[in-house]
Structure formats: structure tokens, C-alpha cells
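Asks: structure here, sequence nowhere to be found:
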């Protein structure tokens, strides 16, 4: 489901499967970082044969990080062809261009060539870029974490005189560096078990930081989601802002059927059931009403439930979570959402009736719960 939302990630996953001669990604591959790492490893294995290097030497990853280092130093998203060639030759040298690491990475689609202007005279030079903005952002983030963030004192890098302060100096800086900030919002929790806003608390309320946090709930590895530690941030920075709250609820619905995610439908249910009916309707039912009129995760979850495609590969637990989410859709007066969820539940459990009782019972209890707590 996540790959469809991000076409470039889907492309990397498809290329990864082709390199490994597999039809599907293996179990355990979850989140952007895992997909990118798995893809780079597959290119490493493929080129190790053609270029005759040790597949355990991580030549491709080291080469890409060498390019990322130069791009950071030059504050640029591209390098001259000669700069890229020299950097990659230090990782793996070759006698001819055909077998050079530069040419092979271009052939594999990791790098692309281009022309950039040198000045007002119309002159240009040959340039080399990373083929995917997503890959660029995550390689830059990986390099910055490796080089500048001390695991013992991680926030020091974002102090006023720290090397990463310029990334988040103010809200305008956060907008300019949004792609790298989104990557950091994924990789910092995965690698340091902390949130980016914990390392740079001065920017916790900036819109790009809030938005990156919400997106990261979808794209980080599920094990890097610290529900308890982030609830205060959600209550203070996300829920009071109508736009951020809507984006947050969209993210929760997006991951709701995932049994491995700690913020799945059970998390949504546990929090919705804590609200009194009027308080819940004030944000949840109105949110569903808005979603019923636009293409988004609510309509998508309903339409997929309607689908007559084979669901034999979908686990009972995923079906239960899917059904729990659809049951919560019954609380809105919006006709398409309510009736669509009803039809979706019938379709979803037509051949899996044993899962329906587990999905329907919790939401019934939640509708009569009156404790004013919640997210």
C-alpha cells in the first residue's frame, strides 16, 4: 500500500526484485530506509560479478556516500562529471570507462547525466545527479548522521554553533531543506531511538517539522515508532492545528491495517474510544465527511474492501484491523463513507467471517465510552 503512494519507492522496489530475480520483497523489509538499503545491496551484488569486486565490500553504497559527501560540501544536488568520476575511482578504480563504477551506476539508473549552465555566456558542463530525489535526500541524511551526530550527545549537532543548525535554523530553512528533514525524521528514530524534534526542540512547532513527523509515521520502520514518547508532541503540536490533525488522521488510516505497526487500527481505536461522543464527532466524523469528498486513504480503504481480488495472502490479523477501521467509518453521516464502509465490511468478511466478530465488538464498546482522554 505504501509503495503506491510513493512511485519512486515503488520503482526502487521493482528494480530490487528484478536484480534478485524475485517476484516480491522478502519479509522484514519495511519502511523507506529498508527498501533503499535492500535495493543498493542488490545493485552491489549485481555489479560485484561484472566488475569483479568483493560483494561484501559495499562498493556501491560507499561510492554513493562519497558523492553525497561532495554534494554536502558544495551545497549542491549535482557534481561535474569529472568530480563524480574521481570520487568513484577512489572507491573502485578501473582501466577503462566501460567497466568504471561511474558508467555502471549510470547504466543501473542510480545516477543520471545532464548539462548545467556555467554562466551567462551559454556555456555548459556535463553533470552527474542522483536519479531519484528520494535517494538523494536519504543518502544526504545518512551522511549527516554518520558525520555529525554523536550517539552520546545527539542534540549537540543542532545547537546554535552545531554543524546541522543551518538545516533547521528557522522555519524558512526547514522549508528549503524539507526533503532532507523528512529523511532525518525517518532515520533519526530508526538509528538513535529519538525524534528529530527532540534533538532540535526550538523547531518542534515549525510546519515542515510537524509535517515531516506525520509522514515519517508511515515511512519509518514500525519498530522505530515510540508511541508513548511521542503522544505529548502529538497533543501539543499536531492535534490543535486543523491541517496537521487532518494529515495525522490520514496517516493513521494509511497504516491502520498493518499488524506490525504500533500505530495501527488498534491504536486508533484505543484513542477514539476515550472521547465523549460530541468531542469525537467534532473532529473524527467531520474528518470522515471531508474525506468522503476527496481521493484519499478513507476512500482507498473502502474501495479496496470492495475489490473482488484474491485476499488469501492477507493475514487474519490484517483483515481484523482493516475491519476495525471500516467499522469506525460508520460513525459519520456522510452517505458514501458510511454505506461504503458497510458494503466493504460485507465484502471483506464474506469468506473470513471468523474475523468479523473481533473487528466489530471493540468499536461498539468505543462508541459508548465516556472518558475524556484520547490522543
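Replies: Good, I have the coordinates. Computed from a predicted structure; not experimentally measured.
Asks: so where do the helices sit in the stretch 101-250 of the chain?
Replies: 101-107, 133-148, 171-176, 178-192, 196-199, 207-219, 227-233, 242-255 (DSSP state H, counting those that start in this stretch).
Asks: nearest spatial neighbour of the residue sitting nearest the centre point of the chain, skipping sequence neighbours?
Replies: Centroid-nearest residue in the chain: residue 219, 2.2 Å away (criterion: Cα atoms, centre = their mean). Among residues not flanking residue 219 along the chain, residue 32 sits closest, at 4.6 Å (Cβ to Cβ, 6 or more residues apart in numbering). No exception for glycine: its C-beta is placed from N, CA and C like everyone else's.
Asks: so the one you found makes contact with residue 215?
Replies: No. Counting by Cβ atoms under 8 Å, residue 32 does not reach residue 215; the two are 9.9 Å apart.
Asks: how far away is the residue nearest to residue 219 from residue 134?
Replies: 7 Å (Cβ to Cβ, to the nearest Å).
Asks: how about residue 111: what's its closest non-neighbour residue?
Replies: Closest to residue 111 by Cβ to Cβ, 6+ apart is residue 105, at 4.6 Å.
Asks: the one you found: what's it in contact with?
Replies: For residue 105, the contacting residues are 43, 60, 63-64, 88, 111, by Cβ atoms under 8 Å, 6 or more residues apart in numbering.
Asks: again with residue 58
Replies: residue 44.
Asks: for the longest helix along the chain, which positions count as buried?
Replies: If you go by DSSP state H, the chain has its longest helix at helix 32-51. Along helix 32-51, these residues count as buried under the neighbour rule (16 or more other Cβ atoms under 10 Å): 32-33, 35-44, 46-48.
Asks: and that helix with helix 133-148, angle?
Replies: 90 degrees (axes from the mean of the first three to the mean of the last three Cα atoms, to 10 degrees).
Asks: quick one: list the elements packing against helix 32-51.
Replies: helix 7-20, helix 59-74, helix 101-107, helix 133-148, helix 178-192 (3 or more Cβ pairs under 8 Å, 6 or more residues apart in numbering; DSSP states H and E).
Asks: so for residue 330, which of the ones you listed sits nearest?
Replies: helix 7-20 (32.0 Å; Cβ to Cβ).
Asks: which non-adjacent residue is nearest residue 133?
Replies: residue 179 (6.2 Å).
Asks: list the residues that contact that neighbour.
Replies: By Cβ under 8 Å, 6+ apart, residue 179 lies in contact with 133, 136-137.
Asks: separation between residue 150 and residue 164?
Replies: Counting by Cβ to Cβ - residue 150 and residue 164 are separated by 11 Å.
Asks: okay, and the common contacts of those two?
Replies: Common neighbours of residue 150 and residue 164 are listed as residue 157 (criterion: Cβ under 8 Å, 6+ apart).
Asks: between those two, which one's more packed in?
Replies: Taking neighbours as other Cβ atoms under 10 Å, residue 150 and residue 164 compare with residue 164 leading, 21 against 9.
Asks: next, give phi and psi for the more buried one.
Replies: Per-residue torsions, residue 164: phi -110, psi 10 (degrees, to the nearest 10).
Asks: which residues are in contact with residue 284?
Replies: 249, 272, 275, 328, 331-332.
Asks: out of the residues you listed, which is most surrounded?
Replies: That'd be residue 328 among these, by other Cβ under 10 Å, with 25 neighbours.
Asks: check which helix or strand covers that one.
Replies: helix 316-328 (DSSP states H and E).
Asks: got the contact list for the next helix or strand after that helix?
Replies: Sequence order places helix 335-348 as the next helix or strand after helix 316-328, per DSSP H and E. Residues outside helix 335-348 that contact it (Cβ under 8 Å, 6+ apart): 288-289, 291-292, 298-299, 301-303, 305-308, 311, 319, 322-323, 326-327, 329-330, 332, 356, 359-360.
Asks: hmm, which of those are the buried ones?
Replies: Buried, going by 16+ other Cβ under 10 Å: 288-289, 291-292, 298-299, 301-302, 305, 311, 319, 322-323, 326-327, 329-330, 332, 356, 359-360, out of the contacts of helix 335-348.
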